[in-house]
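**Student:** Dropping the sequence and predicted coords here.
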Amino acid sequence: MLNVVVTGLAIGALYAACALAYNVMFSTSKVLSVTTGHIFMLGGVFGAFFIADLGLPSVLGLLLAVLIGAAFGLLTEVVAVRRVLNRSDEHLWLLSTLALAIMVQQAVGLWWGTEPRPFPRLIPQDYGQGLWDQKYWLPIIAVAVIAVALEAFYRFTLAGKIFIAVAEDAYAARARGIATDRVRAFSYIIAGVIGALTGFAAGQLTFAYFALGLTLTLNGFIAVAVGGLGSNVGAMLGGLALGLLTTGATYFFGGEYQNTIAVGLLIAVLLIKPEGVFGSKSVRPV
Amino acid sequence: MTRQIELWVAAVVGIAIVVAVPYLVGDFYQLHLATLIAVYWVLIGGLNLVVGFTGTLSIGHVGLLAVGAYCFAILAGSHGLDPFLTLFLCGALGALIGVLLGLPSLRLPGFYFAMVTLAFALIVTELSVAEQWLTGGGIGLSVPGFPGPLATPWGYYWFTAALAVAVTWMTWNVTRLMWGRALVAVRDSEVAAQSVGVSIYRAKLTAFTFSGFTAGVAGALFASLQSYITPDTFIFELGLFFFVCIIIGGRGSIVGPLLGTVVLTALPEVVAPLANLGNFFYGALLLVVVLLLPEGISNLVIVIRNRMKPAVNVNAPVKPDLARLAAAVRRAEGEAEAHPAYEAREVHA
């Protein structure tokens, strides 16, 4: 039973990080990018590639994977978001990020192969450690550090305050002389760093697998929708709750019903409290 | 009036091409491909009302296709029901699931709805693997064909083509009349549509239910064409493919998505390197169309024509007609003097 809780927390931390990445990107651009999960996939796949295939040391592998994640975040902003934000059609960003997500997933599938591959050990440790295995606590620690760092960034640095200003009211921020375009691009880089770090840390849990992105995009979205879009506390709690719920469901009913239960949760929350548990009601524009 | 005649001529020519296809293709594989296009179009034609006209982004219609396929395999195969009755039942089941899925989800904004349909597609695959007693699990089910003249590739092609034409005709009727206008209004501005008395929720739900019906029928046809189905057949990428066909063809038209379906189904089969790239190709095409041609390929001609048009010279100087202005001012002053009662009335009020 404890095993279920620890696994649930580890997977939940991954979902929570995905929800955080959604929030970071949404706050400055009001776009929910379909590529969110794919950033995590890139972190895992490139981490495994650098360390296992090229034989680089773990730290260097981590740095390079984070670099690639950040580059992909920026690419998403430049290719799929920047151009379509000027148009009034709100569906276009969904289509452009979806197209980019398909392309990156297929490109990785063609290059890396479509089978899940094991992620190398990062810290020397025997495999018989049970609950103390690094594959459980590495993602939990990584996400806890990320969440605290993100909160500190928003609270205590000038750049973080600029972020909040843009998130609250982009027009007012621009009137005060903030380069909102640059802030938006920077938020996508931050999301890329979050994704690559977490994808790297959770590599041993998820394996380096090309189709991971779609699952994470969906589950991270469920976490953020349940927790409340825009709320980082909600994202963390939503992610952890979703992880515990799906792992518990696997334990009690078998692994066949994971998605069914996750989506059941989503629909239940959206029916009862459409803005999410920690979300704020948005005013309907008329 | 001429527009009407043009459309009817286009319809007759289209039907003639559809009927003539078996005489034009070289071998049975190409005929199979033509049949597959017709089957896809039965689904995409219905989905077009949802995505192209109502602007509701469903990327998970492959789930409804799978439901129709398994329904046909189980009822007509395992229980030996009449295939034509089963075909209708599959459509009805698809419509029912469309209603059940649409009731809660269609109240959600765009991205939320897209994610729910994505999740629905994943759930259907998950359940078709899990419920072995019903679906045969990962091993799959064999599917019976249709009896009599439909058992041959030619007969089956004409049957599916006739259904595809019927779906086209139905959607064309919808889009031509007030219903279609309401759907387009919902797509372009929900608030404006609501303010002129369109019930957004009901319009969306009706379109979605109709697309559920056609998806169920298409699933049954698809299963019968493939003659064996497994959960691997209904991967999420197939749902994406349907969606991409419509977006690339062009939203708000019927010919565009039809061209999209034909080209995107046939192109990877004809050009071998594209088949290897598969979904990467669809993704790249989608990105190019969204960034450069958001209205879709069917509007390419219009976009190019507008670009080619010489810019109107906006710097044409406007000379004020001073004499006329002075005359108008004089007249107004004269009227004010002639009717002093105006001011008196205001004082009384």
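**Tutor:** It's in. Keep in mind it's a predicted model, so treat the numbers as computed, not measured.

**Student:** What count of nearby residues applies to residue B:109?
**Tutor:** A count of nearby residues for residue B:109, using other CB atoms under 10 Å in any protein chain shown, gives 12. Using the backbone N, CA and C atoms, a C-beta is placed for each residue, glycine as well.

**Student:** ok, now which ones touch it?
**Tutor:** Applying CB atoms under 8 Å, 6 or more residues apart in numbering or on different chains, one finds that residue B:109 lies in contact with no residue.

**Student:** What score does it have for pLDDT?
**Tutor:** Residue B:109 carries a pLDDT value of 79.

**Student:** Quick check: phi and psi at it.
**Tutor:** phi -70, psi 170 (degrees, to the nearest 10).

**Student:** OK, now which residue of the stretch 101-250 of chain A is nearest to chain B?
**Tutor:** Distances between the stretch 101-250 of chain A and chain B by CB to the nearest CB are smallest at residue A:102, namely 3.2 Å.

**Student:** How about that residue, nearest residue that isn't a chain neighbour?
**Tutor:** Residue nearest to residue A:102 in three dimensions, not counting chain neighbours: residue B:283, with 3.2 Å by CB to CB, 6 or more residues apart in numbering or on different chains.

**Student:** do residue A:243 as well
**Tutor:** Once flanking residues are discounted, residue A:243 sits nearest to residue A:12: 2.2 Å by CB to CB, 6+ apart.

**Student:** Can you give me the distance of the one you found to residue B:141?
**Tutor:** Separation of residue A:12 from residue B:141 (CB to CB, to the nearest Å): 37 Å.

**Student:** the more surrounded of these two?
**Tutor:** Set side by side, residue A:12 and residue B:141 show more neighbours around residue A:12, with 28 against 20, by other CB under 10 Å.

**Student:** name the element the residue positioned nearest the centre of chain B belongs to?
**Tutor:** Against the mean C-alpha coordinate of chain B, by CA atoms, centre = their mean, the closest residue is residue B:48 at 0.7 Å. Here residue B:48 sits within helix B:28-48, counting by DSSP states H and E.

**Student:** and the angle for the helix or strand just after that helix with helix B:28-48?
**Tutor:** On the C-terminal side of helix B:28-48, the closest following helix or strand by DSSP H and E is helix B:61-72. Interaxial angle, helix B:61-72 versus helix B:28-48 (axes from the mean of the first three to the mean of the last three CA atoms, to 10 degrees): 120 degrees.

**Student:** rewinding a little: check which helix or strand covers the residue nearest to residue A:243.
**Tutor:** helix A:2-29.

**Student:** Enumerate the residues of chain B near chain A.
**Tutor:** Within chain B, the positions adjacent to chain A are B:55, B:57, B:59, B:104-105, B:107-108, B:110-112, B:114-116, B:118-120, B:122-123, B:126-127, B:129-130, B:191, B:236-237, B:240, B:247, B:276-280, B:282-284, B:286-287, B:290-291, B:294 by CB under 8 Å from any CB of the partner chain.

**Student:** Surely the residue nearest to residue A:243 touches residue A:248?
**Tutor:** No: contact between residue A:12 and residue A:248 fails when scored by CB atoms under 8 Å: they sit 10.8 Å apart.

**Student:** Without its sequence neighbours, what residue ends up closest to residue B:106?
**Tutor:** residue B:204 (4.7 Å).

**Student:** Tell me where the stretch 151-300 of chain B has helices.
**Tutor:** Using DSSP state H, counting those that start in this stretch, the helices found in the stretch 151-300 of chain B span residues B:153-176, B:178-188, B:190-195, B:200-226, B:236-249, B:255-270, B:272-277, B:279-292, B:300-308.

**Student:** tell me the most buried of these?
**Tutor:** Mean neighbours per residue, mean count of other CB atoms under 10 Å in any protein chain shown, is largest over these for helix B:200-226, with a mean of 25.

**Student:** same for that helix, what does it pack against?
**Tutor:** For helix B:200-226, the elements it packs on are helix B:28-48, helix B:61-72, helix B:83-105, helix B:153-176, helix B:178-188, helix B:190-195, judged by 3 or more CB pairs under 8 Å, 6 or more residues apart in numbering or on different chains; DSSP states H and E.

**Student:** quick one: low-confidence parts of the stretch 1-150 of chain B?
**Tutor:** B:1 (pLDDT under 70).

**Student:** Residue of it nearest chain A, please.
**Tutor:** residue B:130 (3.3 Å).

**Student:** Against residue A:252, how distant is that residue?
**Tutor:** From residue B:130 over to residue A:252 the distance is 14 Å, taken as CB to CB.

**Student:** Check residue B:40 too.
**Tutor:** 40 Å.

**Student:** Pick out whichever of these two has more residues nearby.
**Tutor:** Higher neighbour count among residue B:40 and residue A:252: residue B:40, with 25 against 9, using other CB under 10 Å.

**Student:** check contacts around the more buried one.
**Tutor:** Shown in contact with residue B:40 (CB under 8 Å, 6+ apart): B:218, B:242, B:245, B:261, B:265.

**Student:** what sits against the residue nearest to the fourth one when sequence neighbours are not counted?
**Tutor:** Spatial nearest neighbour of residue B:261, chain neighbours left out: residue B:245 (4.6 Å); criterion: CB to CB, 6+ apart. Counting by CB under 8 Å, 6+ apart, residue B:245 makes contact with B:40, B:44, B:257, B:260, B:261, B:264.

**Student:** run the last query once more with 7 Å
**Tutor:** B:44, B:257, B:260, B:261, B:264 (CB atoms under 7 Å, 6 or more residues apart in numbering or on different chains).

**Student:** Out of those residues, flag the one nearest to residue A:60.
**Tutor:** Closest approach between those and residue A:60, by CB to CB: residue B:264, at 42.6 Å.

**Student:** can you pull the pLDDT of the closest one?
**Tutor:** If you check residue B:264, the pLDDT there is 88.

**Student:** who touches it in this structure?
**Tutor:** Neighbours of residue B:264 in contact, by CB under 7 Å, 6+ apart: B:241, B:244, B:245, B:248, B:282.

**Student:** how close does it get to chain A?
**Tutor:** From residue B:264 across to chain A, the span is 13 Å (CB to the nearest CB, to the nearest Å).

**Student:** which intervals of the stretch 151-286 of chain A have sub-threshold pLDDT?
**Tutor:** A:281-286.
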